[in-house]
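In: here's a sequence, model it:
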Amino acid sequence: MSTTQCFLSLPVELQIEALMHLDHRSLLQCTLVCKSMNRSIAESSELQFIIELGSGGMEFVGERTTRSYPDLLKQLRERRDSWDRLDWRKFENVTVESGFKAYELVAGTFSSSNGEDLRVTWLPSATSDARSVHHLEMGFLLRDYAIDPTQDLVIILEEDFVPLSLVQPRTVNVHVHTISSNKKHPLARAGVLSFIISADSSHGNGIYTAALAIAYDIVALTISTGLASYGIRILIWNWKDGWLIYDSQTEGLMDHVCDFALLGRHAFMMMSKAYSGSLQIYSMPHPTVSRPIHVASLQLPDLHPQQRVRYLSAHSGPVHAHPPEHATFTTAPDVRMQVISVSLSSGSMSTGSYTIFVHDRTLLRCIDEYAGDESYRTVNIPWDSWGPDNTRFLPSRETHWLRYVQGQRAVFSTSGTSIDVFEFNDKMDLPVSHAHRRFTRLEPSSIPKLDYFANDVVTHLPFRVATRRMTQSYYAFMIDEERIIGLENEESGSLSLHVYIF
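Out: Here you go, the predicted model:
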């Protein structure tokens, strides 16, 4: 008797108990073994729940003891169908003060700061109302911040207004606080992370741009100091033990790096404008005991000889360490899209703008495949070897605010009165809706080479788009796991967040 026959001879209940230890991809493979196993999987609400949860890039984080699998499967399908049809269940309006210099949308919270204060609003959900915490004074001025409400964590780059100096170095402070009390975070060994900017005889010791990002116990700061020879500077700490893991000023930075993105706790990506542009993948297998490893260089499509990359940047949904408050389902940690903006130019003239959609798992696969190479040489991967099958390369869509990406979804506005939600996941068999237009794109996209590229840029990553006309016009949209948020300026000067809840 074969292994399959032995398994199928077991009672169905034992088969299901065993199969529940598999992930959704393995279960889908099991449906192809034979009709009997396919029927057992199709008729099991437990196994269908695992399949549909994983196919949607979600994890279950609610209370299992009080819910049956048929009920959970019903709730999951209702949530998925609501997103597929863009048929939100609830609408609420939240008003916040405008005039802020920094903002964030993370784990169901919208936060903002005018440089002196910090206001955090937990947005309404399907089961809870909005509430806010407002710290009128932080004890220092704020330049930028990053936030993870699931860790009661805010990390703040202090604005010190030190006079620009061409000869004196400058000490910069990054504060590790709690959202709730605006005091040193209890898990942080040091409440302040500091670094020094050396003076330059041409550009001084100023900070021109700054951006913070958090992933679990890792915080990264990207700054530009105006030093033409340095470009940007990247610093990475473990905020809990205060350990400086990486400083590009001492480690060295490859030419023409213009942006940076965390890919989780153990990896990050730099974007280089050199030649036709590239994505540089780094591994941090043991952040506190070894240097990051430059694993791979993923090349972008070859350009026409007269073209160059003017700018390259990446945007993705935030990383939070724990599920959002009151959540039943949350985006799986390995399910994130990077939305990469590419701007081309010829001489001083801007010639084209494009957007590349790529899964984090595609980028992280480089680490799985090449990080164990004992030669420790960076692997150069041409576009044709990785890009066509794993990305979508499309003409750029206009965005006014960040946080338009969450998990596998991205929201774009068409003329302010209509939205398109792009979704990239493993499940594309959607029913037809008469209420809202939706289509699945399985055929390739082709960007003609014209005078921009060396060859036509053809990409195949499947995606679908849901479109809905809004009842009013908005100047920007944001998205998180449970909401689409339309932004409207009120006559009073306040900012109105129109929260559409799924």
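
In: okay, now Ile50: neighbour count?
Out: 23 (other C-beta atoms under 10 Å). C-beta coordinates here come from the backbone N, C-alpha and C atoms, glycine included.

In: swap that for Phe453, sorry
Out: 21.

In: now the helices for the chain?
Out: 3-8, 12-19, 24-30, 35-42, 45-55, 69-85, 248-251, 360-370, 383-390 (DSSP state H).

In: and of these, who's closest to Ser276?
Out: helix 383-390 (8.0 Å; C-beta to C-beta).

In: report the inter-axis angle for that closest one versus helix 360-370.
Out: Per axes from the mean of the first three to the mean of the last three C-alpha atoms, to 10 degrees, the angle that helix 383-390 makes with helix 360-370 is 140 degrees.

In: list the buried residues of helix 383-390.
Out: For helix 383-390, burial by neighbour count (16 or more other C-beta atoms under 10 Å) applies to Trp383, Trp386, Gly387, Pro388, Asn390.

In: try stretch 343-360
Out: So stretch 343-360, judged by 16+ other C-beta under 10 Å, has buried residues Ser343, Leu344, Ser346, Thr351, Gly352, Tyr354, Thr355, Ile356, Phe357, Val358, His359, Asp360.

In: now, the most widely separated pair of those residues?
Out: Ser346 and Asp360 (32.2 Å).

In: picking that back up, farthest pair in the buried residues of helix 383-390?
Out: Trp383 and Asn390 (10.5 Å).

In: low-confidence stretches in the stretch 151-300 of the chain?
Out: Counting by pLDDT under 70, the stretch 151-300 of the chain shows low-confidence ranges at 226-230, 287-289.

In: quick one: the strands in it, in order.
Out: For the stretch 151-300 of the chain, strands defined by DSSP state E, counting those that start in this stretch occupy the ranges 153-158, 170-177, 192-197, 209-215, 218-224, 232-238, 243-247, 257-262, 267-272, 278-283, 293-299.

In: which non-adjacent residue is nearest Ser341?
Out: Ser313 (5.0 Å; C-beta to C-beta, 6 or more residues apart in numbering).

In: same check, this time on Ile381
Out: Leu298 (5.2 Å).

In: ok, that neighbour touching Tyr282?
Out: No - counting by C-beta atoms under 8 Å, Leu298 sits too far from Tyr282 to count as a contact (12.0 Å).

In: what pairs with the nearest residue to Ile232 once chain neighbours are set aside across the strands?
Out: Closest residue to Ile232 apart from its sequence neighbours, by C-beta to C-beta, 6+ apart: Ser224 at 5.0 Å. Per DSSP bridges, the residues bridged to Ser224 are Thr209, Ile232.

In: enumerate every residue touching Ser224.
Out: Ile207, Tyr208, Thr209, Ala210, Gly231, Ile232, Arg233 (C-beta atoms under 8 Å, 6 or more residues apart in numbering).

In: between the buried residues of stretch 343-360, which sits nearest Gly191?
Out: Asp360 (31.2 Å).

In: contacts only, for the closest one.
Out: Asp360 touches Leu263, Gly264, Ser316, Asp334, Val335, Arg336, Met337, Gln338, counting by C-beta under 8 Å, 6+ apart.

In: so how far is Tyr452 from the second one?
Out: Taken as C-beta to C-beta, to the nearest Å, the spacing of Gly264 relative to Tyr452 amounts to 33 Å.

In: out of the contacts of Asp360, who's the most crowded?
Out: Met337 (28 neighbours).

In: can you pull the contacts of Ile485?
Out: Leu105, Phe110, Leu123, Phe477, Met478, Ile479, Leu497, His498, Val499, Tyr500.

In: now the end-to-end length of stretch 148-164.
Out: 32 Å (C-alpha to C-alpha, to the nearest Å).

In: actually stretch 37-54, not the one I wrote
Out: Terminal-residue distance, stretch 37-54 (C-alpha to C-alpha): 19 Å.

In: pretty sure Val458 contacts Pro448?
Out: No - judged on C-beta under 8 Å, Val458 makes no contact with Pro448 at a distance of 10.0 Å.

In: compare these two and say which is more crowded by neighbours.
Out: Val458 (14 against 9).

In: wait, what's in contact with that one?
Out: So Val458 contacts Pro388, Pro444, Ser445, Ser446, Ile447 (C-beta under 8 Å, 6+ apart).

In: of the residues you listed, which is the most crowded?
Out: Ile447 (18 neighbours).

In: nearest residue to that residue other than its sequence neighbours?
Out: Val457 (4.1 Å).

In: now that neighbour: how far from Ser276?
Out: Distance from Val457 to Ser276, by C-beta to C-beta: 11 Å.
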